[in-house]
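# sharing a model prediction with you, sequence too.
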Amino acid sequence: MTSVVVVEDLLLLQDGLVRLLSTNGFEIAAAVDTGPAFLEAVDAHRPEVAVVDVRLPPTFTDEGLRAAIEARRRRPGFPVLILSQYVEQLYARELLSDGAGGVGYLLKDRVGDVRQFVEAVQRVADGGTAMDPEVISQILARRSRRSPLAELTPREHEVLALMAEGRTNAAIARRMVITSKAVSKHIARIFDKLGLPPSDDDHRRVLAVLAYLNSNG
Amino acid sequence: MSTMPFRSASSGRRLDRPVRRVSWRLAVAAARFVGLVLAGGVIGGLALAWLGASLVTLLPVPVALVSRRTRWLGVPFLAVSTWLVRPLAWLERHRVRLMTGTRIEAAYRPLSASQRSRVRPLLADPGTWRDIGWLAAAGVSEVLSMADLATLMVGPAVIVWTPLWFAFDHGPRHLWAVALVPLGAACAVASWYGGGRGRRTVPLATARVSGWLLAPPEGARLRAQMEHLAETRDETVDARAAELRRIERDLHDGAQARLVSLTMSLGLAEQEFDRRPEAARQLVSEARASARTALSELRHLVRGIHPPVLTERGLGGAVEALALASAVPLEVDVRLDERLPAPLESALYFVIAEALANMARHSGASWAFVRLWLEDARLRLMIQDDGHGGADPARGSGLRGIERRLAAFDGRMTLSSPAGGPTELFAELPCRP
């Protein structure tokens, strides 16, 4: 069983998350409501993944995000899934900037689709990514000719967006109704166009997503 | 600064460069000062010309006004000459501010659009008469002060030049006069340095007198300020009310309606659970879809009221987030050491967001620049783009909205957007930390 720390200050939502995750095969290591308590819980219980709300007491600003980044600084690659009432590309970029993967950033609404949400938590725990489709659509909404991404074909763009959401090759193939082999080809070309160095596939995926989030227009 | 030469003399060359830099700065300051005095002279000259022309024509004007045949001549003259006073006074206010550092406010009565071309409201404004009074006094004093400076500049040249001219013009017998040149030069240098500080006194004093003559009396200033405040308050109240109405309508037609439909779906599902589980499942998933839409509408609404990223990251972070979301590549340079007061932060955010939205919609720009900084307890905002210009606050409601938001904080906006571009928006508002 994957052990998880839940960080959420609204009791109603904390209870909901705990119930949802524990009925779907996760072990709840701790459920806390502040940044410092979260960092303590990470040290004490060594969970495999954390689900963290962006806005936490006492400042009710981006404490959760800062705590998550701090946790990943202390334990590089520690998988964190951030939940928020809204998404900002800026935050997604900060989360991914260490290039280590194991990062998720989803709207709280997505919890409603239990199966997909649970999959996302598991994926992040396994070192993958889970970017909210809204982050992706924010980027797509203002694509311009200048970015290095401009060289990608629309098809490759679609593949990259799905990759950013955290989907596997097989899932991308299903979604786009093409073969897995075609997906691999697209991905190889994307890595090539973005100038990503050859290394293990997971790491390059994260870097590609990061390039995507960093694309300034 | 006066001790610098001694220090550099005693410690050799090492101080050479700072000294040179200081003297360079002094030279720039001196040139600026001289330039301002010359500008004063020009303004004074114009003032004198205006006075002369007015005096010459002042007598015929009543006659012209009385006689039916020449009435058409008198009125335009009066209009034009009265209108000319304001630009002159405007120039002088700026000059005085640059010279003395004191800001002289212009307190004219506000004119409605229909009054702009009339003379009567202009003549009824005490501000106009104050300007005319200044013209009379300053016309004389500014010219004198410039003449004084000119003597200073010409004097040394004459002192050095005369012996040279004497020596070479009157043949070899008079070459001894060349010996007088160093003496003359010494005199010139002594008079420049000795009188240097004193030389500033006269132009500075005349500038101060100018400023004093142009400054509105306290009463007029307060009245103008009050009128301005009342006007901006009305606009702010109206805008706020409209905003609240919009939010109410959005909530009513949006999230509230969705929640009602969600409740209905859930209620129906509850009924159907035992009899038709498949239908119940369908209803529950409809309810979830409703909830999702309601959430997304609420999110949208919240962004419009107060963007969460502004709460979390302050103006710098929020503008950066805007840049990431902007279709036009945007450079951001926000230099604020600490968070601004929340109302100011929010107003500025929407000013920037509105300006950028305007730009994206109309300018055709391919690059833009946002800069925000604090200087002399005033917040300054500059937004530039390389679009095709032609923005006009009189036509765009977006720019009007920006003016209104700024006005609520006593801020001002200036817009330069010639046809063909580029467009530059500059805003300034007081900010007490």
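Thanks, I have the structure now.

# what's near enough to touch B:Pro307?
B:Pro307 makes contact with B:Ala318, B:Ala321, B:Tyr349 under the criterion CB atoms under 8 Å, 6 or more residues apart in numbering or on different chains. From N, CA and C alone the C-beta is placed, and that goes for glycine too.

# where do the helices sit along chain A?
Ranges of helices in chain A, per DSSP state H, are A:11-23, A:35-45, A:63-74, A:89-96, A:114-125, A:133-141, A:154-165, A:169-176, A:180-193, A:201-214.

# okay, B:Glu297 and chain A: tell me how far apart.
Distance, B:Glu297 to chain A, using CB to the nearest CB, to the nearest Å: 11 Å.

# if the most centrally placed residue in chain A is in a bridge, with which residues?
In chain A, the residue lying closest to the centroid (CA atoms, centre = their mean) is A:Gly104, at 1.8 Å. Beta-bridge pairing of A:Gly104 under DSSP bridges involves A:Leu81, A:Ala130.

# and it, what does it touch?
By CB under 8 Å, 6+ apart, the contact set of A:Gly104 is A:Pro79, A:Val80, A:Leu81, A:Ile82, A:Ala120, A:Val121, A:Arg123, A:Val124, A:Thr129, A:Ala130, A:Met131, A:Gly166.

# and the pLDDT at the third one?
You'll see A:Leu81 listed with a pLDDT of 95.

# pretty sure it sits against A:Arg123.
No - taking contacts as CB atoms under 8 Å, A:Leu81 lies outside contact range of A:Arg123: 9.0 Å.

# neighbour-wise, which of those two wins?
Neighbours of A:Leu81 and A:Arg123, each counted by other CB atoms under 10 Å in any protein chain shown, are more numerous for A:Leu81; the result is 25 against 21.

# roughly how far does that one sit from chain B?
When distance is defined by CB to the nearest CB, A:Leu81 is 18 Å away from chain B.

# for chain A, what are the nearby residues on the stretch 151-300 of chain B?
Residues of the stretch 151-300 of chain B that fall close to chain A, judged by CB under 8 Å from any CB of the partner chain: B:Arg288, B:Ala291, B:Arg292, B:Leu295, B:Ser296, B:Arg299.

# just the pLDDT for the last one.
pLDDT, B:Arg299: 90.

# and the helix or strand bottoming out on mean pLDDT in chain A with helix A:133-141, angle?
Here the helix or strand of chain A ranked lowest by mean pLDDT, DSSP states H and E is helix A:201-214, holding a mean of 73. With axes from the mean of the first three to the mean of the last three CA atoms, to 10 degrees as the basis, helix A:201-214 and helix A:133-141 are set at 60 degrees to each other.

# hang on, A:Asn24 packs against A:Val118?
Yes - if you go by CB under 8 Å, A:Asn24 and A:Val118 touch, sitting 4.5 Å apart.

# how many other residues sit next to B:Asp337?
6.

# secondary structure class for it?
The local conformation at B:Asp337, judged by DSSP: H, G, I helix; E, B strand; the rest coil, is coil.

# check contacts around it.
Here B:Asp337 is in contact with B:Leu374 (criterion: CB under 8 Å, 6+ apart).

# so how far is B:Trp373 from it?
10 Å (CB to CB, to the nearest Å).

# could I get the helices of chain A as JSON lines with distance to chain B?
Shown next, in JSON lines, are the helices of chain A (distance: least, CB to the nearest CB, whole Å):
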{"stretch": "helix A:11-23", "distance to chain B": "13"}
{"stretch": "helix A:35-45", "distance to chain B": "13"}
{"stretch": "helix A:63-74", "distance to chain B": "8"}
{"stretch": "helix A:89-96", "distance to chain B": "5"}
{"stretch": "helix A:114-125", "distance to chain B": "10"}
{"stretch": "helix A:133-141", "distance to chain B": "6"}
{"stretch": "helix A:154-165", "distance to chain B": "15"}
{"stretch": "helix A:169-176", "distance to chain B": "20"}
{"stretch": "helix A:180-193", "distance to chain B": "20"}
{"stretch": "helix A:201-214", "distance to chain B": "9"}
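
# which of these sits closest to B:Glu227?
Closest approach to B:Glu227 among the helices of chain A (CB to CB): helix A:89-96, 42.8 Å.

# helix, strand, or coil at the residue in the stretch 1-150 of chain B positioned nearest to chain A?
Of all residues in the stretch 1-150 of chain B, the one sitting closest to chain A is B:Arg103 (37.9 Å; CB to the nearest CB). Under three-state DSSP, B:Arg103 falls in the coil class.

# B:Thr414 contacts B:Thr423, correct?
No - counting by CB under 8 Å, B:Thr414 stays clear of B:Thr423, with 11.6 Å between them.

# out of these two, which sits in the busier spot?
Using other CB under 10 Å as the criterion, B:Thr414 and B:Thr423 rank with B:Thr423 on top: 24 against 10.

# ramachandran coordinates for that one?
Backbone torsions of B:Thr423, given as degrees, to the nearest 10, read phi -100, psi 140.

# dig out what it forms beta bridges with.
For B:Thr423, the beta-bridge partners are B:Asp385 (DSSP bridges).

# hmm, it is touching B:Pro393, no?
No - using CB under 8 Å, B:Thr423 is not in contact with B:Pro393; the gap is 11.8 Å.

# mind listing the shared neighbours of those two?
Counting by CB under 8 Å, 6+ apart, the residues touching both B:Thr423 and B:Pro393 are B:Leu415.

# hey, where'd the helices end up in the stretch 151-300 of chain B?
Ranges of helices in the stretch 151-300 of chain B, per DSSP state H, counting those that start in this stretch, are B:180-214, B:218-253, B:255-275, B:277-305.

# reformat those as JSON lines; add mean neighbour count and distance to B:Ser397.
Converted to JSON lines, those look like this (neighbours: other CB atoms under 10 Å in any protein chain shown; distance: least, CB to CB, whole Å):
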{"stretch": "helix B:180-214", "mean neighbour count": "16", "distance to B:Ser397": "36"}
{"stretch": "helix B:218-253", "mean neighbour count": "12", "distance to B:Ser397": "12"}
{"stretch": "helix B:255-275", "mean neighbour count": "15", "distance to B:Ser397": "27"}
{"stretch": "helix B:277-305", "mean neighbour count": "16", "distance to B:Ser397": "16"}
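
# kind regards, and thank you for your time.
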